[in-house]
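1. when you get a sec, could you give me coordinates for this:
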Amino acid sequence: MAENSAGTPLLQVEDLTAGYGRDPVVAGISLRFRAGEIACIIGPNGAGKSTLIKAITSEAVTLSGRVALRGRDVTRLQAAELARLGVGWVPQLNDVFSALTVRENLEMGGYQMSPRVVSERIEEMLALFPILRPLEHGTAGKLSGGERKVLALSRALMPKPSVLLLDEPTASLSPEMSRLVLEDCVQALAAQGVGVVLVEQRAQAALKISQWGYVMVGGRLAIQGAASELLARDDMARVFLGAQDS
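-> Below you'll find the predicted structure:
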């Protein structure tokens, strides 16, 4: 299938090999992500999807290859440094501060901004994700899994990132909350011009909201193409996605 090469990539991964210590988990991965689009990375368990995201944010070790943001080499930069350059990241676990209130979590997301801008951004987040408004002064530790994930997305959006990396955002969520996160929240981000890189186990649901899809198998990129084309392939569920996906 053709590569996702039209237009200047916002975030680009070139021939990346990465893992933990000296042992590679993913090898020779090349991907391109564009502003205002959702690109999903899917594949069976153990394919290396989360390791790839962790390599971009230096949570895993990059052994070779390159990561570029708007053409600038950002390989091996830590998540905090990437955030200053416009890369947001929502990990699968430890995505909010449980002891803080919802509002305080959002304030933490804007810690580099002036108090006035922080207040303005919080209002924008509460308007974008109205599920959070009645929860604003409650502690994050008391939120449901879905509410917690929406808060994590909102906190990552506070500094207005140009690209947002989401690692398994629907993990452990109910079908209804998964739908909310994917169909409402993630699509709302792309509509605001954010480039969304979505690692997701619910492959078909992810492809339905994405413009482009990458399928990883065994630590390597097996297939890439327009999401609609991948959805139409008869062999996807059997060979790559698993029959349990719905």
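
2. how many neighbours does Y20 have?
-> Using other Cβ atoms under 10 Å, Y20 has 13 other residues around it. Where you see a C-beta, it was placed from the backbone N, CA and C, and this is true even at glycine.

3. may I have the phi/psi pair for it?
-> Main-chain torsions, Y20, degrees, to the nearest 10: phi -130, psi 120.

4. could I get the pLDDT score of it?
-> In this model, Y20 is scored at 93, pLDDT.

5. contacts only, for it.
-> 51, 60-61 (Cβ atoms under 8 Å, 6 or more residues apart in numbering).

6. tell me the buried residues in stretch 174-184?
-> Using 16 or more other Cβ atoms under 10 Å as the test for burial, stretch 174-184 gives 177-178, 180-182.

7. oh, I was asking about stretch 129-136
-> In stretch 129-136, counting by 16+ other Cβ under 10 Å, buried: 129, 131-132, 135.

8. hmm, who's touching that stretch?
-> So stretch 129-136 is contacted by 101-103, 125-126, 143, 147, 150-151, 153-154, 180, 185, 188 (Cβ under 8 Å, 6+ apart).

9. one more time with 10 Å
-> 101-106, 122-123, 125-127, 138, 142-144, 146-147, 150-151, 153-154, 157, 177, 180, 184-185, 188 (Cβ atoms under 10 Å, 6 or more residues apart in numbering).

10. now, those residues that are in helices?
-> Residues of these located in helices (DSSP state H): 102-106, 122-123, 125-127, 146-147, 150-151, 153-154, 157, 177, 188.

11. one step back: quick check, nearest of the contacts of Y20 to N94?
-> Nearest to N94 among those: A60, at 15.7 Å, using Cβ to Cβ.

12. which pLDDT value belongs to that closest one?
-> For A60, pLDDT reads 94.

13. so of the contacts of Y20, which ones are in helices?
-> Using DSSP H, those in helices are T51.

14. top of the contacts of Y20 by neighbour count?
-> T51 leads the contacts of Y20 on contacts (other Cβ under 10 Å) with 23 neighbours.

15. isn't that residue right next to G43, touching?
-> No - contact criterion Cβ atoms under 10 Å: T51 and G43 do not qualify, at 11.4 Å.

16. quickly list what's touching both of those two.
-> 199, 216, 219.

17. tell me how far the ends of stretch 182-192 are from each other?
-> With Cα to Cα, to the nearest Å as the measure, stretch 182-192 spans 15 Å from end to end.

18. ok, residues contacting that stretch?
-> Under Cβ under 10 Å, 6+ apart, the answer for stretch 182-192 is 35-40, 88, 124, 128-129, 131, 146, 149-150, 153-154, 156-157, 160-161, 164, 166, 169-170, 173, 180, 194-196, 198, 200, 202, 205-206, 208-211.

19. what are the ranges of the helices in the chain?
-> Going by DSSP H, the chain shows helices at 49-56, 79-85, 102-109, 115-128, 145-157, 175-179, 187-191, 203-209, 227-232.

20. closest to R22 out of those?
-> That would be helix 49-56 among the helices of the chain, by Cβ to Cβ, at 13.9 Å.

21. chain center to the closest one, what's the gap?
-> Taking Cα atoms, centre = their mean, to the nearest Å, the mean C-alpha location of helix 49-56 is offset from the chain mean by 10 Å.

22. mind exporting that helix as CSV, just the C-alpha atoms?
-> Taking Å, rounded to 0.1, in the frame of the first residue of the first chain, the C-alpha atoms of helix 49-56 are listed here in CSV:
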residue,chain,number,x,y,z
LYS,A,49,2.7,-0.8,19.7
SER,A,50,3.2,0.7,23.1
THR,A,51,7.0,0.2,23.0
LEU,A,52,7.0,2.4,19.8
ILE,A,53,5.2,5.2,21.6
LYS,A,54,7.5,4.8,24.6
ALA,A,55,10.5,5.1,22.3
ILE,A,56,9.2,8.4,20.9
